[in-house]
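In: Please work out how this folds:
(one chain, ligands or ions: 1)
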Amino acid sequence: MYVRIDQSKCQGSGLCEEELPGLFGIGEDFLAFVRNGEAVPGRPVEEARALVPKDQEDQVEYCARACPAACIHLDD
Ligand code: SF4
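Out: Sure thing, here's the model as predicted:
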């Protein structure tokens, strides 16, 4: 499972970083990003994706459901 964030919709609530600070961060622009992400062809570098460790998949799925902007996306 990969995770990426659509920064154009992020509201900067910080929920994702609070839940998984090792995977998500909040930038100086108050927008969330995925740490250690790899660029996705055709998408801005800020929307890089990262492979989710198996033991964090449940927490990432929670973040995706709870994100107030619905901008955390999960891909196979
Ligand atoms: S939970 Fe959603 S809206 Fe809040 S900072 Fe993370 S990606 Fe942005």
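In: Briefly note if stretch 66-76 comes near the ligand.
Out: Yes. Applying CB under 6 Å from any ligand atom, one finds stretch 66-76 touching the ligand at 67-69, 71-72. (Glycine included, C-beta is placed from N, CA and C.)
In: Just the buried residues out of these, in ChimeraX syntax.
Out: Command for ChimeraX that selects the buried part of these, burial taken from 16 or more other CB atoms under 10 Å:
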select :67,69,71,72
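In: May I see the residues of stretch 66-76 next to the ligand organised as TSV, with secondary structure added?
Out: Below are those laid out as TSV (DSSP: H, G, I helix; E, B strand; the rest coil):
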residue	secondary structure
Cys67	coil
Pro68	coil
Ala69	coil
Cys71	coil
Ile72	strand
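In: For the residues of stretch 66-76 next to the ligand, work out which two are farthest apart.
Out: Farthest-apart pair in the residues of stretch 66-76 next to the ligand is Pro68 and Ile72; separation 10.4 Å (CB to CB).
In: who touches both of those two?
Out: Residues touching both Pro68 and Ile72 (CB atoms under 8 Å, 6 or more residues apart in numbering): none.
In: Can you give me the buried ones in stretch 3-13?
Out: By 16+ other CB under 10 Å, the buried positions in stretch 3-13 come out as 3-7, 10.
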